[in-house]
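Enquirer: This is the structure alone, sequence omitted:
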Ligand SMILES: [Zn+2]
């Protein structure tokens, strides 16, 4: 075989330094959508506790809906396997890319297009929401750091929008 | 832009996360083939257009993704209440 | 006093003088001046021409209420802003503006002839006169009216500025930073709430800016607020709309006041969600209605006070006050103390407070009670006024160069009304005041009618001995509506204020009647002999003041206008000269021209290569949904028209999706990966819609099914490899998949590795050739594409775009949902009966297929069309008739949905929806086009390889 295929990503690898905030691509992650009627079934598959309330985030798993969890794992982790038929596991590692927005103005920059009241969006919360017209998933990792997930084809637009806001 | 209470997320969220999905409490008949043309037509096309309280469906499509029911006043555009799909009409 | 600038006083910075230009002339100004104050200081009274009569007009107000002085500011190429109020425009060194609605110049305006012909322009003139003949509208009336009427010019160049936008949240939003607003802000801020205080002026203070006694308090208060971390102060910010659930739109002007605009955004759109809204917008003084009240130099009393005390400008050397309200007296006293010469106070009332009279006497100001101004001398500026006693007798003349109107006050309830808060008529104030809120909101200060301006008399117009039909007493200055026009509307039968408004256009100008609504209402009330509360008030709508399109668009401009979705392979297409088209939000390669090729030549070559060797196509944009769960097959069986339960893992099936009304909604090939796992595909444009529809049925109709849906559209890059050599190109790259025809038949799926990467490999064809669609994780798309290109070089592998894809599929009669269907096409209409499971008891849309309308004869059905002239390619959308000789208008029996030159067949082909088309096989139909009627024969939709032999290899 010839050499391995090279991945290409839609946003720059290097960070963008704005005024009191920076943006950079999140490291490569494995991502899985886990669906089940009960969180216990998912916990059994993962062998770990997961958030049960919508908006929760723990152990790399965000609860996005009453039966929906989005799991982030370091790249290379094996896919979770369900033997019981009660958990749906779908790999979406390449569906989205992550953008890390960090700095004193992080929330202010996100608020340029996200209609949520981020003052009331505590550290450790995750949700699906929207930035202007583009759907995103946000995880508040610290007061001044957000992990923003966006579907791959929307990422260049979002990157431009956020870096523009970070410059103003 | 109004705020809508999602009964699944149990919080007020901005309208642009939601999509309207038409009149609520119109269940798909369990055996459509048993229905007369008139009954089927009624199910398909006939909708209420009240001035005031209106039962309608919304989906929190840029949030938890769930369809739910709401009572909205069509005059004031105020939501009276929202409740989960499958719960009885309010 | 140089010019009209007072020797001392005001908040202008006299240490920073500079020059500004207006209509090409240079004037001196100070930092802190508005254009209005700067020009008034230079003795300029004429600022513009009115909308209809082109009458000379001057300043009336001192802020957003200004109806007359609309000007255009120019800041170089593309930076031209019309219709700004001179009273709201801050000046800076090098400032340049021009007046509007005049030709050739402001002082000599050709259109002023309209004023001389005024008797011919009564209310409703346009409605009455330009009714007939209709054809004259486009050719004559409209162009002429447009030339004569209208406001400033629209800029013609692209706006070079960029604009910002944000959401913001607070517990208390205070709109208006006058004394009441500042007090509310201090109170809210002290309880540690998140406070936003916004004000449209360049500095906070509102009415206090014209009251030097309050300046120390103002400085103290603003310093306190600025020091609080929970308070955001936004000046130069106009709250233009108040929407549901305390959502307020505001625009902050960031650079318009700067000599050097720098590179930052010009304006910023604030979308604010507030727990509580406090409206502290103050009140607007009401003009008085009398003959000649629009002469330059006639203005609101409160405005003259602002010019004197805030800007240090006297609006005249000899100023007369015409009052029906105490507030004017106080204004004049303050002005007199500041050095403005006062000619006289005229008050329509017979009696006023003794204290006021005493103060006037002390200041040596002549007072005339029970009298009214009945005429104004001077055309481009006041020279004198005629005054008459209200109880009759001879009139007298008083020389003066400015007339102040003090007609009482109207609370600024625009935003309150946007929010649907109700208003109540307050007899003592002669005004509508806020009553019941519709949101968590309250009004404070003058906005709530709580003012200490004294007493007043509410009147519709000043008494006059003159013939009311022959005078020009203006109500709406901007739209040139006189008291006479309103009375005429009433005489002609209009009763509702909403109708009177539209007939006379009172209050319909860009100022939305800030100074005219109440006077118009009073005049209608008198004419109808009914109280104002019976007549009602017109509705205020956003925006409070006009806003730029740029501000409302915010960031959504240029590359941020809307997302252009690109696949992982898009970059390769761009580097290799692809011509793109937009499909939904996706940018897709349409064709790949080589040097010298036009679209047809490129598409012909691409089609030829697919049919003869192998083509490669980026199909990544296809919608994909992963359907997982024990009930997955049952769910798909209910959704799609055809049976799914018996589909073996490893096999694919064409799925046809209907809406419940029986019409085609979407289609796509889907694969069963495992008993409980399917990989669905949808059309590119239908991806989100289909997922939403499936979620709807799953969540609300069949919540008992154990199955879940996940969008995987963007998880996979998809490369279609199509053509007789496709297998040979693929073979060396694939591991773990037997590609032989026996092991991997058409409509099958296999999982394995390609170039070391996991793949879901479909053997499917949208071209009619041997074909594969290779799904790999998105990030590998481009690298894999390049590897395949290298591998396929020996077969002259050819990238093809959406145009060739369309031609190739049309040759095979494969439909494109949304192009060959339009939401009214059933599977039978489309010739897809074979995809409908006849034995299935139910699926979405099945019952509708038996509705009388859907089984009736004469429905439009999809057929092939072959033109008599094989070289003629019909136009898509062209209408079809059965008999070209019938009289016009002809009966159209259908239209062309797809039409191409088929290189494979050496002739044109088309698909068309034709009434009863399936029964017209072999018949000639006619397509009348300009210059020629084309003849085409109805044929099968499958033009090429009808038996499908090319797939079985
Ligand atoms: Zn929700």
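Expert: All right, it came through fine. Because the structure is a prediction, the values reported are computed rather than measured.
Enquirer: For the ion, what's the nearest residue on the stretch 701-850 of chain C?
Expert: Using Cβ to the ion, the single residue of the stretch 701-850 of chain C nearest to the ion is residue C:703, 16.2 Å away. All C-beta spots, glycine's among them, are computed from the backbone N, C-alpha and C.
Enquirer: Next, the residue nearest in space to the middle of chain A: secondary structure please.
Expert: Taking Cα atoms, centre = their mean as the criterion, residue A:149 is the residue nearest the geometric centre of chain A, at 3.6 Å. The local conformation at residue A:149, judged by DSSP: H, G, I helix; E, B strand; the rest coil, is strand.
Enquirer: so where does the nearest residue to it once chain neighbours are set aside fall, helix or strand?
Expert: Computed as Cβ to Cβ, 6 or more residues apart in numbering or on different chains, the closest residue to residue A:149 that is not its neighbour in sequence is residue A:137, at 4.0 Å. Remark: residue A:137 resides in strand A:134-142, with elements defined by DSSP states H and E.
Enquirer: partner strands of that strand, parallel or antiparallel?
Expert: strand A:126-131 (antiparallel), strand A:145-151 (antiparallel) (DSSP bridges).
Enquirer: ok, residue C:667 - contacts?
Expert: Neighbour list for residue C:667: C:654-657, C:682-683, C:815, C:817 [criterion: Cβ atoms under 8 Å, 6 or more residues apart in numbering or on different chains].
Enquirer: Pairing partners for the helix or strand hosting it, with directions?
Expert: For residue C:667, the enclosing helix or strand under DSSP H and E is strand C:664-674. In the sheet containing strand C:664-674, the strands it pairs with under DSSP bridges are strand C:652-658 (antiparallel), strand C:677-682 (antiparallel).
Enquirer: So for that strand, what gets flagged as buried?
Expert: Buried positions in strand C:664-674, judged by neighbour count with 16 or more other Cβ atoms under 10 Å in any protein chain shown: C:664-673.
Enquirer: wait, which of those is closest to chain A?
Expert: If you rank the buried residues of strand C:664-674 by distance to chain A using Cβ to the nearest Cβ, residue C:673 comes first, at 10.9 Å.
Enquirer: Was I right to think the closest one contacts residue C:748?
Expert: No: checked against Cβ atoms under 8 Å, the pair residue C:673 and residue C:748 is beyond contact range at 11.5 Å.
Enquirer: who touches both of the two?
Expert: Joint contacts of residue C:673 and residue C:748 (Cβ under 8 Å, 6+ apart) are residue C:650.
Enquirer: ok now do the one residue in the stretch 701-850 of chain C that gets nearest to chain B, which residues does it touch?
Expert: Distance from chain B to each residue of the stretch 701-850 of chain C (Cβ to the nearest Cβ) is smallest for residue C:847, at 3.6 Å. Listed by Cβ under 8 Å, 6+ apart, the contact partners of residue C:847 are B:32-33, B:35, B:40, C:662.
Enquirer: again with residue C:378
Expert: For residue C:378, the contacting residues are C:295-297, C:384, by Cβ under 8 Å, 6+ apart.
Enquirer: Dump those residues into TSV; add secondary structure and neighbour count as well.
Expert: Conversion of those to TSV gives the following (DSSP: H, G, I helix; E, B strand; the rest coil; neighbours: other Cβ atoms under 10 Å in any protein chain shown):
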residue	secondary structure	neighbour count
C:295	coil	26
C:296	coil	25
C:297	coil	24
C:384	strand	18
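Enquirer: Which member of the residues you listed is positioned nearest the ion?
Expert: Within the set of the contacts of residue C:378, residue C:296 lies nearest the ion; the separation is 59.8 Å, counting by Cβ to the ion.
Enquirer: where exactly do the helices run in the stretch 551-700 of chain C?
Expert: Taking DSSP state H, counting those that start in this stretch to define them, one finds helices in the stretch 551-700 of chain C at C:570-575, C:599-612, C:632-639, C:687-696.
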